[in-house]
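Peer 1: Dropping the sequence and predicted coords here.
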Amino acid sequence: MKKIALLIATLLATGAATTAQADTLSDIKSSGKITVGIDPTFPPYEFTNDKGEIVGYSVAIMQSFAKDLGVKLEFQKTAFSGILPGLISGAFNAEGSSLNVTAERAKKVLFTTPYSKTVNGVLVRTSDTKKFSGKALTPDDLSGLRGAVKSASVPEQLLKGFNETLTKAGKKPIAIISVDTLDQTVSTLMTKRADFVFDDISVLAPVVKKYPEKVAQVGEAGPSQWMAWATRKDDLSLNKAISDHILAMQKDGELTALQQQYLGTTFTVPASNFIPQE
């Protein structure tokens, strides 16, 4: 009897804990605000403008969601490497930094419906453009070079994967320089501490526009991936609410308008089957 009672107590406690965690959406509604962890150093998705305001494509979507929910949106600036740990630990209600959807991340968090997709490009100094040819680049094209990426990002993981391929082929690996922000990757390139920057092409485009005589994108490398937000595994209601809102924005054309405004292109996002297999 004691064992049965103990088992029941344990199950009740576990259920209570799960319910409390899963009530994040209810907590947001009752408090009248949603706190969102974000690293605003990733234009055109999330960045800080000259007025000190956090803006961008993904920010506009999150603002639309908060408005529809009838709550105040509060951003909590967090380094990108701390976004998922902060989310999982409960430091904020949700995360607002754009994440590449990967099988590895899907083990730890629950992805919302994607709102964008990413293809990574290679940015170099204009004086080095002749060293590269073709839109599609391979690990061989980057062998022995120094590449700057944001720490804990998918581009960083892709370069590590490229190195595995290069090492197996007996070729020189890429020297990976991991920093905290996009500006730091560009600075590393400009000061010749790196030979290239590796990041999403929509992120690199504004850099090229800002410094047309100094840098140029010379090609794309690696697979394309969907981009989404993540919630804690048991925040099913919050995840569904965000996902439904993204799909509603797509249906009424609001998402397409934002894509044209911030990304210069349009595409249809999937409602399911967007997480890659390992």
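Peer 2: Now that the structure is in, tell me what you want to look at.

Peer 1: Surely Phe65 is in contact with Ile242?
Peer 2: Yes: Phe65 is within contact range of Ile242, at 5.9 Å (criterion: CB atoms under 8 Å). Every residue, glycine included, has its C-beta placed from N, CA and C.

Peer 1: which stretches of the chain form helices?
Peer 2: All helices of the chain, identified by DSSP state H, fall at 2-22, 24-31, 57-69, 83-89, 103-106, 139-142, 154-168, 182-190, 201-210, 236-251, 254-262.

Peer 1: Now do the buried residues in the fifth one.
Peer 2: Buried residues in helix 103-106, counted by 16 or more other CB atoms under 10 Å: Arg105.

Peer 1: could you list every residue that touches the residue minimising distance to the centre of the chain?
Peer 2: Centroid-nearest residue in the chain: Leu99, 2.1 Å away (criterion: CA atoms, centre = their mean). For Leu99, the residues meeting the contact criterion (CB atoms under 8 Å, 6 or more residues apart in numbering) are Ile83, Leu84, Arg105, Phe111, Met227, Ala228, Trp229, Ala230.

Peer 1: The fifth one: neighbour count?
Peer 2: Think Met227. Residue crowding around Met227 was assessed by other CB atoms under 10 Å; the count is 23.

Peer 1: which ones are touching the nearest residue to it once chain neighbours are set aside?
Peer 2: If you skip the residues right next to it in sequence, Met227 has Ser116 as its closest partner in space, 4.2 Å away by CB to CB, 6 or more residues apart in numbering. For Ser116, the set of contacting residues under the criterion of CB under 8 Å, 6+ apart consists of Tyr45, Tyr57, Ser58, Ser98, Ser202, Trp226, Met227, Gln259, Leu263, Phe267, Val269.

Peer 1: Kindly report the same for Leu255.
Peer 2: Each residue near Leu255 by CB under 8 Å, 6+ apart is listed here: Ile61, Tyr115, Ile246, Met249, Val269.

Peer 1: Check Asp199 too.
Peer 2: The contact partners of Asp199, by CB under 8 Å, 6+ apart, come to Asn120, Gly121, Leu123, Val149, Lys150, Ser153, Pro155, Leu182, Thr185.

Peer 1: So, low pLDDT: which residues of the stretch 1-150 of the chain?
Peer 2: For the stretch 1-150 of the chain, the stretches flagged by pLDDT under 70 are 1-22, 134.

Peer 1: Could you check stretch 171-184 and say which residues are buried?
Peer 2: Neighbour counts over stretch 171-184 (16+ other CB under 10 Å) mark Pro173, Ile174, Ile176, Ile177, Ser178, Val179, Thr181, Leu182, Gln184 as buried.

Peer 1: Can you tell me the closest non-neighbouring residue to the last one?
Peer 2: Here the nearest residue to Gln184 in space, its sequence neighbours aside, is Ala148; by CB to CB, 6+ apart that works out to 7.7 Å.

Peer 1: do you know how far the one you found is from Thr191?
Peer 2: Per CB to CB, to the nearest Å, Ala148 is found 10 Å from Thr191.

Peer 1: With Val207 instead?
Peer 2: 15 Å.

Peer 1: Between those two, which has more neighbouring residues?
Peer 2: Taking Val207 and Thr191 together and counting by other CB under 10 Å, Val207 has the greater number of neighbours (22 against 8).
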